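Enquirer: 3D model of this:
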Amino acid sequence: MCEEAELGIQVVWVRTAFYRRERRSVALAREFARIALADWDRKRGADDVVLCVSELATNALLHGVPPGRGYRLWLALGTEDRVLRVEVHDSGDGEPRVSKGGGVADEECGRGLLLVSALADAWGVEERVPGKVVWCEWRPEGGGEESPLRVF
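Expert: A predicted model of the protein is given here:
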């Protein structure tokens, strides 16, 4: 019997890319995600995932990446539990938040995360030095409430 199976360790497929602080990086991040999802045969919900990648990359570009720096896109898929996790790592400070709606100021702030919260099964923000990681996850249909995928 394989030692990994005895320990209950799950194999995780990971794809990662680094993008500079430039507008075209969002389109490149979307294409990177599309290719990874196709390679992993993850067609169901792929458009939602790509839209969330686009929103998180845009937020990093506009709010989280100081001049001269960039952001990292990280995609992971558990081979057993099939949980898909998207992370965007940036070096900016601040706490991303979902728009509560109401005013003109809100129209340009927080709407992307509103989409992410509606499309993903879970999302959140974690600290890193410097900056933060904004993540979202999708469980396969019928999956449990808590995600077992925690890879760092």
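
Enquirer: now do the buried residues in the host helix or strand of residue 34.
Expert: Using DSSP states H and E, residue 34 sits within helix 24-39. Neighbour counts over helix 24-39 (16 or more other CB atoms under 10 Å) mark 25-26, 29-30, 32-33, 36-37 as buried. Placement of C-beta: from N, CA and C, glycine included.

Enquirer: which elements pack onto the helix or strand just after that helix?
Expert: Per DSSP H and E, the first helix or strand lying C-terminal to helix 24-39 is helix 46-59. Counting contacts by 3 or more CB pairs under 8 Å, 6 or more residues apart in numbering; DSSP states H and E, helix 46-59 is packed against helix 24-39, strand 70-78, strand 84-90, helix 111-119, strand 132-138.

Enquirer: and the ones you listed, which one is worst for confidence?
Expert: Sorting those by mean pLDDT places helix 111-119 lowest, at a mean of 92.

Enquirer: now do that helix and strand 84-90, the angle between them.
Expert: 160 degrees (axes from the mean of the first three to the mean of the last three CA atoms, to 10 degrees).

Enquirer: ok so, going back, and the helix holding residue 34, what does it pack onto?
Expert: Using 3+ CB pairs under 8 Å, 6+ apart, helix 24-39 sits against strand 12-20, helix 46-59, strand 70-78.

Enquirer: where's the residue lying closest to residue 80 once chain neighbours are set aside relative to residue 39, distance?
Expert: Nearest residue to residue 80, sequence neighbours excluded (CB to CB, 6 or more residues apart in numbering): residue 10, at 4.8 Å. Distance of residue 10 to residue 39, computed by CB to CB, to the nearest Å: 18 Å.

Enquirer: next: residue 24.
Expert: Taken as CB to CB, the span from residue 24 to residue 39 is 22 Å.

Enquirer: for the closest residue to residue 91 other than its chain neighbours, give its distance to residue 69.
Expert: Among residues not flanking residue 91 along the chain, residue 131 sits closest, at 3.9 Å (CB to CB, 6+ apart). Plainly put, residue 131 is 9 Å away from residue 69 if you go by CB to CB.

Enquirer: of these two, give the one with the bigger neighbour count.
Expert: Neighbours per residue (other CB atoms under 10 Å) separate residue 131 from residue 69, with residue 131 holding more: 19 against 15.
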